[in-house]
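K.L.:
fold the following, please.
(chains A and B)
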Amino acid sequence: MADQTTNPIAFVAEGTIPPSPPPANQTGVVKWLRENLFSGVTNTILTVLSILLIYVLLKNTLPWILNGVWNADSLAQCREILDGKTGACFAVLTERWHQLIYGFKYPAEAYWRPNLAFVLMLVALAPVLFFDLPRKLLVFTALYPFIAFWLIWGGSILVPIVALLGFVAAGVVFQKLGRNSFAAGFFGAIVVALIVWNIGGALIPEGANEGAMLTAVPSRDLGGFMLNMMLGLTCVSLSVPLGIALALGRQSSMPLIKWVCVIFIEFIRGVPLITLLFVASVMLAYFFPPDSTVDLFLRVVIMITMFSAAYIAEVIRGGLAALPRGQYEAADSLGLDYPQAMRLIILPQALKISIPGIVNVAVGLFKDTTLVSVISMFDLVGMIRGPILASTEWNGVYWELLGFAALLFFVVCYGISQYSQWLERRLATDHR
Amino acid sequence: MKKSVILGVATVAGLAAGAATAGTVDDVKARGKLNCGVTTGLVGFAAPDANGEWKGFDVAVCRAVAAAVLGDASAVEFVPTTGKTRFTALASGEIDMLARNTTWTFSRDVDLKFEFVGVNYYDGQGFMVPKALGVSSAKELDGATVCIQTGTTTELNLADFFRSNNISYEPVPIETNAEAQQQYLAGACDVYTTDASGLAATRATFEDPSAHVLLPEIISKEPLGPLVRHGDHEWGDVVRWTLNALISAEELGVTSANIDEMAAGTNNPEVNRLLGTEGTLGEMLGLDADWAMKAIKSGGNYGEVFAQNIGEETPIGLARGLNAQWTDGGLLYSPPFR
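P.N.:
From the prediction side, this is the model:
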């Protein structure tokens, strides 16, 4: 005790000790490396092997890419410039890029039209994809198909206007009649639309396409990645509503509707897409007289839409089946009729569950559009396999062209996939 | 698009029966365009260039026919067809003629109801080997591995050839020509076999074409020619004699360079008949008197077309071989213009 008085406390902390940095192996890059790459013997071996693999890959591909020749007239000239060194011949892309994007027959002075249609597409899609945007933008979305049709195919502006009027008239009739009876509204709308289209079609003068503001481009002249985009977008946007209708139809208690839907779905799913495409391009030609066939693009759109609608219908049926019985009963007990119950309670939940499946079908469908190359439509792959590889200048350039095609498809498909993940997070209202 | 649907549906009933009977010559003239079926792309034979213009050996036949009938070599709507869609496109009337390196066979002529109007290229199945192999004849290929496209007549021809020569081989089945090139270059097979023109075109794309040789043996007959539908003989005659005009022009020494001079009149009565300064051959076909002259002017005579598209000066570098005039020991032999 006495010690305490004679020996005052030797040390009193007058402030807090500054925090010392954590040990070197517990922080920063080192820690991350230790934890993630070298956390055990197996993982270390795997890491080293992976690094080796990446190194080998890069060692072989980087010189090929970096040495690439961007300016040459033919493969032979590329090889001359490379002079025995490894290197890609990207010159084929610089010389033929417009063919890869637009096909080889789309008039060059009209390239701005698909470009503009593409930009407008982004605007039209925005309110559909991102529902925080003002709802009024949907008016433009509704108009977009007609604008895009006019931009890409050109010709008389009367054709899309008549088509639009038919839809507007059908919508008005549905509003009027559909209030009392859905069936009356539905069939009345179809009849009115057909009447408007027939009268309008007859009113359009024969030579309307000549001297039109935008030169008419026949469907046969469309091609390249533009064709893939057009087919993909049209078919996905048509097949989702059709797929919903089919899925609901399959669950219907009315035997006729139920069996029509079941047979349609099972038949279409049981037939390969390529068979349907052959039917579209080859068999239908036998049923129509020469010179008055249904447009090839339209035939292909119908076939691909039917195909993907059957798949989407099954995906959505899965979503419907996943809803607890109580949700249906809750809707009934609130006194909602069938359309209201579906629109307000069942479908919002079922569609949310189905998003990954629908996106899966959409991505697959977009890639399946390359199958049209077998019926001699020049989509991106068709352009590569046909005209470009068959030209005397570029015969033998495979990696560069197919790599470019893969890159384009990857960008779009990855975009779709990222969007769907965002959508799922955005719609997540449950607490899992 | 919408309009064509409506029109299409409306006219189905009315036109279905009547459309097939009208003459193709009249149809083409009324339309002002020839619908000509070509391949979706085959090196040297038909492919669009960087400007989207169709070029090639088969394309030249289409252009010549268009020039003969319509007087304009560019009045052609080229309809690309694949091996699977080509015959239905012709049979359904979507195209007026097919010039798509199609082999003239019995069943296509008789059973599928087409009419081959002649032969514009005599092809045959050949072999390509690396020079380093030191082989100079296909008969020395005993025990070789052979890259071969599956499901084609070439596969059967190959089996026949090796069996009749009593030598053995090992097939390496591949699916497409592109795959075959890669396999062959990678050394997966000693020999690559397909049509000789295809071999030459393939070899032309190699980094070092001189390291590979085509063997002299040709083991099958592949006469390639343009064809039309059965039953419309006027149209068949037009296409047949346009092709013959190109062949005769070479034989008679009429080229695109001297044709104007010769059209003024020569001492050779056959040249005069061909070019329409004498006789009424054009009238008999239902065409202008100078139909053949326009056809020849569209791309030159047969020899010129050959040289421009697939001849020895081009990267494909095919020799005339069987496709030389009969006077030079080839098979080209046009009936006389009389």
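K.L.:
quick one: low-confidence parts of the stretch 151-300 of chain A?
P.N.:
Scanning the stretch 151-300 of chain A for pLDDT under 70 picks out A:285, A:288-293.
K.L.:
that one: helices as residue ranges?
P.N.:
In the stretch 151-300 of chain A, the segments counted as helices under DSSP state H, counting those that start in this stretch are A:158-178, A:182-203, A:224-250, A:255-269, A:273-278, A:284-287, A:296-322.
K.L.:
just the CA trace of the fifth one, in CSV.
P.N.:
Spelled out, that is helix A:273-278. Extracted in CSV, the C-alpha atoms of helix A:273-278 (Å, rounded to 0.1, in the frame of the first residue of the first chain):
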residue,chain,number,x,y,z
LEU,A,273,-38.8,-25.1,-85.2
ILE,A,274,-36.9,-25.8,-88.4
THR,A,275,-39.7,-27.9,-89.7
LEU,A,276,-42.1,-25.1,-89.1
LEU,A,277,-39.8,-22.7,-91.0
PHE,A,278,-39.6,-25.1,-93.9
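K.L.:
residues in contact with that helix?
P.N.:
For helix A:273-278, the external contacting residues (C-beta atoms under 8 Å, 6 or more residues apart in numbering or on different chains) are A:268, A:300, A:303-304, A:306-307, A:368, A:371-372, A:374-375, B:84-85. For the C-beta atoms, the positions are set from N, CA and C on the backbone; glycine is no exception.
K.L.:
and the chain, what are its domains?
P.N.:
Went with chain A since none was named. Listed by automatic domain parsing, the domain ranges of chain A are A:25-66, A:222-395+A:419-432.
K.L.:
ah, I was thinking of chain B
P.N.:
According to automatic domain parsing, the ranges for chain B are B:22-122+B:224-328, B:125-220.
K.L.:
ok, which of the domains of chain A comes nearest B:Cys36?
P.N.:
Evaluated with C-beta to C-beta, the domains of chain A place domain A:222-395+A:419-432 nearest to B:Cys36, the distance being 13.5 Å.
K.L.:
check contacts around residue 136.
P.N.:
In the absence of a named chain, chain A is used. A:Lys136 neighbours (C-beta under 8 Å, 6+ apart): none.
K.L.:
actually it's chain B I care about, not the one you picked
P.N.:
B:Ser136 neighbours (C-beta under 8 Å, 6+ apart): B:215-216.
K.L.:
same check, this time on B:Asn309
P.N.:
Contact analysis of B:Asn309 by C-beta under 8 Å, 6+ apart lists B:44-45, B:55-57, B:60, B:316.
K.L.:
just these: which are in helices?
P.N.:
Counting by DSSP state H, the part of those found in helices is B:57, B:60.
K.L.:
just the contacts of B:Asn309: which has the poorest pLDDT?
P.N.:
By pLDDT, B:Ile316 ranks lowest within these, coming in at 84.
K.L.:
for chain A, see how far away it is.
P.N.:
As judged by C-beta to the nearest C-beta, to the nearest Å, B:Ile316 and chain A stand 7 Å apart.
K.L.:
that residue reaches B:Thr205, doesn't it?
P.N.:
No - judged on C-beta atoms under 8 Å, B:Ile316 makes no contact with B:Thr205 at a distance of 9.6 Å.
K.L.:
these two: which is more packed in?
P.N.:
Higher neighbour count among B:Ile316 and B:Thr205: B:Ile316, with 23 against 19, using other C-beta atoms under 10 Å in any protein chain shown.
K.L.:
which residues does the more buried one contact?
P.N.:
With contact set as C-beta under 8 Å, 6+ apart, B:Ile316 has these partners: A:392, B:43-44, B:197, B:200-201, B:204, B:309-310.
K.L.:
try 6 Å this time
P.N.:
Neighbour list for B:Ile316: B:44, B:200-201, B:204, B:310 [criterion: C-beta atoms under 6 Å, 6 or more residues apart in numbering or on different chains].
K.L.:
and for A:Ala216?
P.N.:
The neighbours of A:Ala216, taking C-beta under 6 Å, 6+ apart as the test, are A:154-155, A:209.
K.L.:
which of those has the most neighbours?
P.N.:
A:Gly155 (22 neighbours).
K.L.:
coming back round to it: tell me which of the contacts of A:Ala216 fall in strands.
P.N.:
If you go by DSSP state E, the contacts of A:Ala216 have nothing in strands.
K.L.:
buried ones among the contacts of helix A:273-278?
P.N.:
Buried members of the contacts of helix A:273-278, scored by 16 or more other C-beta atoms under 10 Å in any protein chain shown, are A:268, A:300, A:303-304, A:306-307, A:368, A:371-372, A:374-375, B:85.
K.L.:
ok, so of those, who is nearest A:Tyr419?
P.N.:
With C-beta to C-beta as the yardstick, the closest approach to A:Tyr419 among these comes from A:Asp368, at 19.4 Å.
K.L.:
give me the nearest residue to that closest one, chain neighbours excluded.
P.N.:
Ranked by C-beta to C-beta, 6 or more residues apart in numbering or on different chains and with sequence neighbours excluded, the top spatial neighbour of A:Asp368 is A:Leu273, at 5.8 Å.
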